[in-house]
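S.K.: quick one: sequence and predicted model below, then my questions.
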Amino acid sequence: MNHESLRVGLGWDRHLLVPGRPLVLGGVAIPYEKGLLGHSDADVLLHAAADALLGAAGEDDLGTLFPDDDPAYRDADSRDLARAALRRAVDRGLRLLSLDAVVVAERPKLAPHRAAIRAAMARLFEIDPARLNVKAKTGEGAGPQGRGEVIEATVVALLAAR
Ligand code: MG
């Protein structure tokens, strides 16, 4: 493979964790007493993943393409936004080679859900699960992550010209 055909993208996102909302991470509903606040379903992991794809493709970021003050995206399923980001990359002649994610959440414990999230995201992005990983970290009790006020996600994606 020609190294010059490679593109790397980085995405990051954070949403507030509040009562009365469903918690959706990587397109998977996680049972918990709180959920993420946002205009869409607030899937922080898919938002970071979409921004990684868009970044690698040289596209505008997620918030520019799908503004959070646009009623069309109210309660949007973030899987649709993520698919749209992948489609933009594909339209630019790129394919996704691998994707790696870190989710920082003090609660709930995400370890029991990692495999399901990984499988769901691999299906969504149409790559082998061996090429997509999701790691769960805590905030060690410090900062807004550690106090359980927010969940954050960071995603790196590697794409190549087809
Ligand atoms: Mg977001």
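M.R.: It's in. Residues are numbered from 1 along each chain as shown.
S.K.: A50 touches L62, doesn't it?
M.R.: Yes - between A50 and L62 there is a contact under Cβ atoms under 8 Å: 5.0 Å. Placement of C-beta: from N, CA and C, glycine included.
S.K.: what about those two, which has more around it?
M.R.: Remark: of A50 and L62, A50 carries more neighbours, 32 against 27, as counted by other Cβ atoms under 10 Å.
S.K.: okay, and that one sits in which element?
M.R.: helix 44-57 (DSSP states H and E).
S.K.: can you confirm whether whichever helix or strand comes after that helix lies near the ion?
M.R.: Next along the chain after helix 44-57, taking DSSP H and E as the criterion, comes helix 62-65. No - against the ion, helix 62-65 shows no contacts by Cβ under 5 Å from the ion, the least distance being 7.0 Å.
S.K.: need the contact partners of the next helix or strand after helix 62-65.
M.R.: Downstream of helix 62-65, the first helix or strand assigned by DSSP H and E is helix 78-91. Helix 78-91 is contacted by residues 24, 27, 40-43, 46-47, 49-51, 53-54, 56-57, 59, 62, 65-66, 73, 95-96, 124-126, 159 when judged by Cβ atoms under 8 Å, 6 or more residues apart in numbering.
S.K.: out of the residues you listed, which are buried?
M.R.: 24, 27, 40-43, 46-47, 49-51, 53-54, 56-57, 59, 62, 65-66, 73, 96, 124-125, 159 (16 or more other Cβ atoms under 10 Å).
S.K.: hmm, back to that, packing partners for the helix holding A50?
M.R.: Other elements packing on helix 44-57 under the criterion 3 or more Cβ pairs under 8 Å, 6 or more residues apart in numbering; DSSP states H and E are strand 6-19, helix 62-65, helix 78-91, strand 94-104, helix 114-125, strand 150-161.
S.K.: tell me which of these is the most buried.
M.R.: Of all the helices and strands packed on helix 44-57, strand 150-161 has the most neighbours on average by mean count of other Cβ atoms under 10 Å, namely a mean of 22.
S.K.: since that was my last question, I'll sign off now.
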